[in-house]
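In: how would this look folded up:
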Amino acid sequence: MSASKSREHFLGINGSTKMNCAQAVIAGFKDKFSIGDEAIAKFASFGGGKAPKGRCGALHAAQFILGGSQTREAKKCEEIFLHAAGSSKCKEIRALKKLSCLGCVEKSAEILERIQF
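Out: Below is the predicted model:
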């Protein structure tokens, strides 16, 4: 359910506001993880390879939701994401062409729905 909301926000469909990859993941899971609107606004600057260290914004958002990149859950998230995308860096993912930006949103959201706490 939350993954489909992330997809809708990224594409701007079904009455959802169009958002960048990072915002779409945050917005899709805001209710499930009690995330405020200020986080969505904060992640407006993390799309298109502008997340810290050039990372994928969708992955960055998923790891934020999981408590930061150093938590056990966030490390597992990155491991699964790397297998699908081939990299955690936006420019490298685009060059590899394994996942589109929408694919990164979908994969990050899928991981968030599956991950066990």
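In: Show the backbone phi and psi for the closest residue in space to Gly28 that isn't next to it in sequence.
Out: Leaving aside its chain neighbours, Gly28 sits nearest to Ser6 (2.9 Å; criterion: CB to CB, 6 or more residues apart in numbering). No exception for glycine: its C-beta is placed from N, CA and C like everyone else's. Phi and psi for Ser6, reported as degrees, to the nearest 10, are phi -60, psi -50.
In: what's the answer for Arg55, then?
Out: For Arg55, the backbone dihedrals are phi -70, psi 160 (criterion: degrees, to the nearest 10).
In: ok, how many other residues are close to it?
Out: Arg55 has 22 neighbouring residues, counting by other CB atoms under 10 Å.
In: now it: how far from Ala84?
Out: With the distance defined as CB to CB, to the nearest Å, Arg55 ends up 15 Å from Ala84.
In: Look up how far Ser108 lies from the residue nearest to Gly28.
Out: The span separating Ser6 from Ser108 equals 8 Å under the rule CB to CB.
In: Who has more neighbours out of the two?
Out: Between Ser6 and Ser108, Ser108 has the larger neighbour count (other CB under 10 Å), namely 33 against 30.
In: residues contacting the more buried one?
Out: Going by CB atoms under 8 Å, 6 or more residues apart in numbering, Ser108 touches 6, 25, 56, 58-59, 61-62, 77, 81.
In: if you set the cut-off to 7 Å instead, what comes out?
Out: Counting by CB atoms under 7 Å, 6 or more residues apart in numbering, Ser108 touches 25, 58-59, 61-62, 81.
In: just curious, which of those is nearest to Lys91?
Out: For Lys91, the nearest member of those is Leu59. The distance, counting by CB to CB, is 13.3 Å.
In: where are the low-confidence patches of the protein?
Out: Applying pLDDT under 70 to the chain flags residues 116-117.
In: Need phi/psi at the residue of it most remote from its centre.
Out: Among the C-alpha atoms of the chain, the one most distant from their mean position (CA atoms, centre = their mean) is that of Gly15, at 20.1 Å. For Gly15, the backbone dihedrals are phi 80, psi 10 (criterion: degrees, to the nearest 10).
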